[in-house]
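Asker: what shape does this take:
(2 chains)
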Amino acid sequence: MKKGAGSMTALAPPIGVLVELTHRCPLGCPHCSNPLKLEPPAAELDTETWKRVFEEAAALGALHVHLSGGEPTARRDIVALTRHAAQCGLYTNLITSGIGVGERLWGGLVEAGLDHAQLSFQGADEGTNDRLGHYDGAWAKKRAFAAMVTTAGVPLTVNAVVSRPNLHQVSAFIDLALELGARRLEVAHTQYYGWALANRAALMPALKETEEAIRLVEAARPKLAGRLVIDMVVPDYYARYPKPCAGGWGRLAINVSPSGKAMPCHAAETIPGLEFWNVRDRSLAEIWADSPAFNAFRGTDWMREPCRTCDRKEIDFGGCRCQALALAGDAAATDPACSKSPLHARIGRTAAAEAEAGSEAIRWRSYKAALEG
Amino acid sequence: METSAKPRLPRGVKLRHDDVRQRWTLLAPERIFEVDGTAAAVLQLCDGERDLGRIVAELAARYNAPPAMIEKDVVAMLGDLEAKRVLDL
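Answerer: Below you'll find the model as predicted:
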């Protein structure tokens, strides 16, 4: 018997598909959520396969496609891919570092029908941005990219990934988003997967600084209503309840890796024993309905206590499976970010101790080293 | 709202019929708004060319309803969408 969604209702289609078009990236951010083992260029899907994936995603019911990476514009066919996704009726969102996108490439993306651009910043000033992005000159290039986006009338989101080295800049990030003409700002506290997990000791903020950052965002929101929408991803080591990772496993989203592995979230590969199907071999509809990996933690049937009888089980969906594995050593455990997990107090202490120790030993995300290593 | 206002969806906001779920949607950055059939009929006329007066007149003719009543509903709906930053007036 196939594991269903824990109820008799039919499987609802996904809302969005996030495609990691490539793991190539000019930046070296220590908070990157990509896996430590990056995929080489030779393994990347070709143009025609990605186009088919977009067609299948639209037919399946996906509305948004997030063109991500690595740096998605490192793909030479990024304009053709964007055009095809738009022609399929998908809402196209480019998630970019802004590095390497000149006037000509940008013009091509606009003409291809790009709907929205999300631009990352690693710091709210030049020094912090270029140091954390591990790329001299990134600040100027990002600002030039933002100007091209707003000049073309394409809506811009500024994505500020924050952690201990730049958490004090939250107000400055808000000012930066306003100055650049962004309509939306994401203050995304680093989530500890992939490179970020490897760098956790150098990135974890203290609880007090975290609370202050949250307070600043909440205070700014009403003042900026109608000008700037601020979305915030909170740091879950200090949370009371876990985040419903990807909105619930296999519930809203599909993530496709550069080589075509279809996953419920970008970190799902860290869980041993899951069988991922590849878009080269199967349609997205078949993967969504029947892939063992998507059905492994779909719905609520897989839950144990305290999740099984928790009144939030349809809200949090047990939290994040990858974090349960990383912190509890068991992907089917309650996410230790939840206050009902027996490990919750311990991870809070670990976080506080790492913040207090203040390590500055950073392992920069290196594409070359990751391929060789 | 002036009758000479020419409402339009800004770049980055799209009205789309969702064939899979059998409903109209407004797609925006990281957001999806469900809209009913009546609202979709109004939004299809918000092309930045037609002004509010003409939109109301066309809808009044189509639905054989008093223009004053149509205008009240249309103004409320468009005002709501403007506040959500998914419509330019």
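
Asker: so for the residue nearest in space to the middle of chain B, what's the nearest residue that isn't a sequence neighbour?
Answerer: Central residue of chain B (CA atoms, centre = their mean): B:Leu43, 2.7 Å from the mean position. Closest residue to B:Leu43 apart from its sequence neighbours, by CB to CB, 6 or more residues apart in numbering or on different chains: B:Leu15 at 5.0 Å. C-beta coordinates here come from the backbone N, C-alpha and C atoms, glycine included.

Asker: surely that neighbour touches B:Leu26?
Answerer: Yes: the pair B:Leu15 / B:Leu26 is scored as a contact, 5.8 Å apart, by CB atoms under 8 Å.

Asker: secondary structure element for the residue nearest to B:Leu43?
Answerer: For B:Leu15, the host element (DSSP states H and E) is strand B:14-18.

Asker: what packs against the following helix or strand past that strand?
Answerer: Using DSSP H and E, the helix or strand that follows strand B:14-18 in sequence is strand B:23-28. The contact analysis (3 or more CB pairs under 8 Å, 6 or more residues apart in numbering or on different chains; DSSP states H and E) places strand B:23-28 against strand B:14-18, strand B:31-35, helix B:37-43.

Asker: and these: which comes nearest A:Phe173?
Answerer: Comparing the helices and strands packed on strand B:23-28 against A:Phe173 with CB to CB, the closest turns out to be strand B:31-35 (20.8 Å).

Asker: quick one: distance of that closest one to the chain centre.
Answerer: Going by CA atoms, centre = their mean, to the nearest Å, the spacing between the C-alpha centre of strand B:31-35 and its chain's C-alpha centre is 13 Å.

Asker: and the contacts of it?
Answerer: Under the contact criterion CB atoms under 8 Å, 6 or more residues apart in numbering or on different chains, strand B:31-35 has outside partners A:15, A:63-64, B:15, B:23-26, B:43, B:84, B:86.

Asker: how long is stretch A:198-212 end to end?
Answerer: 25 Å (CA to CA, to the nearest Å).

Asker: for the strand holding B:Leu15, buried residues please.
Answerer: Applying a neighbour-count criterion of 16 or more other CB atoms under 10 Å in any protein chain shown, one finds B:14-16, B:18 buried in strand B:14-18.

Asker: cool, stretch B:32-39 as well?
Answerer: Using 16+ other CB under 10 Å as the test for burial, stretch B:32-39 gives B:35, B:39.

Asker: tell me if I am right that A:Leu119 is in a strand.
Answerer: Yes: assigned with DSSP: H, G, I helix; E, B strand; the rest coil, A:Leu119 falls within a strand.

Asker: what number of residues lie near it?
Answerer: 23 (other CB atoms under 10 Å in any protein chain shown).

Asker: excluding chain neighbours, what is closest to it?
Answerer: A:Gly98 (4.9 Å).

Asker: picking that back up, parallel or antiparallel, which strands does the strand holding B:Leu15 pair with?
Answerer: strand B:23-28 (antiparallel) (DSSP bridges).

Asker: quick one: contacts of the partner strand?
Answerer: Against strand B:23-28 from outside (CB under 8 Å, 6+ apart): A:63-64, A:91, A:115, A:155, B:9, B:12-18, B:32-37, B:39-40, B:43, B:81, B:85-86.

Asker: pull out the buried positions in it.
Answerer: Those would be B:24-28, for strand B:23-28 by 16+ other CB under 10 Å.

Asker: how much space separates A:Gln122 from A:Ser33?
Answerer: According to CB to CB, to the nearest Å, A:Gln122 and A:Ser33 sit 14 Å apart.

Asker: neighbour count for these two, which is higher?
Answerer: A:Gln122 (28 against 19).

Asker: pretty sure the more buried one contacts A:Ala138?
Answerer: Yes: the criterion here is CB under 8 Å, and A:Gln122 meets it with A:Ala138 at 7.4 Å.

Asker: overlap of the contact sets of the two?
Answerer: A:27, A:129-130.

Asker: what does chain B have sitting close to chain A?
Answerer: B:10-12, B:14, B:16, B:18, B:20-21, B:25, B:27-30, B:32, B:83, B:85 (CB under 8 Å from any CB of the partner chain).
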